[in-house]
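Peer 1: Quick one: sequence plus predicted model below, questions after.
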Amino acid sequence: MNQNIELNGASRLRKAVVALIATEYGNTVKLTEISGEEIWILSAVSTPIRIRTSLQRIYLAKFSKGTAPDATALVPDFSFEIRTESFQDEHLWWPVSYQTASGEIIKAESESRGRTMVNNFNRRQLLELADTWAKSLLSQSVSHQLAGRL
């Protein structure tokens, strides 16, 4: 896999999420300003998405169609844990883990003796999953925008 594709997976997901937040909330909510909070994307996509942040982590979860944010015992179809880094004037996203409703987990990072160990094979898988989901979110966003105009 070439380095450009690897970087595009996470950056494409970041751009898709930022665009969905802007569509859902306008300019009143920014991803970098929701630390410790939870927001939902409900109308800009076909299935609900929950976004939670804490320090240098972003947690994205996709739920089944019709799931209400106030429902009890929410189980996402899948979820991502993203580690964020600021580098120069850019926010970099690094997928750390992916988990499905059935319990399948892919982890790219683990802690050992105070150090973060990275599994590059799993990191590439996570970047591909992030890229695939980003493409789906972007197409849902375009579909939503066109539906409002037709």
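Peer 2: Yep, it's here.
Peer 1: mind checking how far the longest helix seen in the chain is from the chain centre?
Peer 2: Determined from DSSP state H, the single longest helix within the chain is helix 120-149. Relative to the mean C-alpha coordinate of its chain, helix 120-149 is positioned 9 Å out (Cα atoms, centre = their mean, to the nearest Å).
Peer 1: List the contacts of V142.
Peer 2: Residues counted as contacts of V142 (Cβ atoms under 8 Å, 6 or more residues apart in numbering): none. Every C-beta, even on glycine, is put in place using the N, C-alpha and C of the backbone.
Peer 1: how close does it get to L20?
Peer 2: Going from V142 to L20 by Cβ to Cβ, to the nearest Å gives 12 Å.
Peer 1: Counting neighbours, which bits of the longest helix of the chain end up buried?
Peer 2: 122-127, 129-131, 133-134, 137-138, 140-141 (16 or more other Cβ atoms under 10 Å).
Peer 1: Quick check: G26 is in a strand.
Peer 2: No: with DSSP: H, G, I helix; E, B strand; the rest coil as the criterion, G26 is assigned helix and is not in a strand.
Peer 1: Which stretches in the chain count as helices?
Peer 2: 3-25, 120-149.
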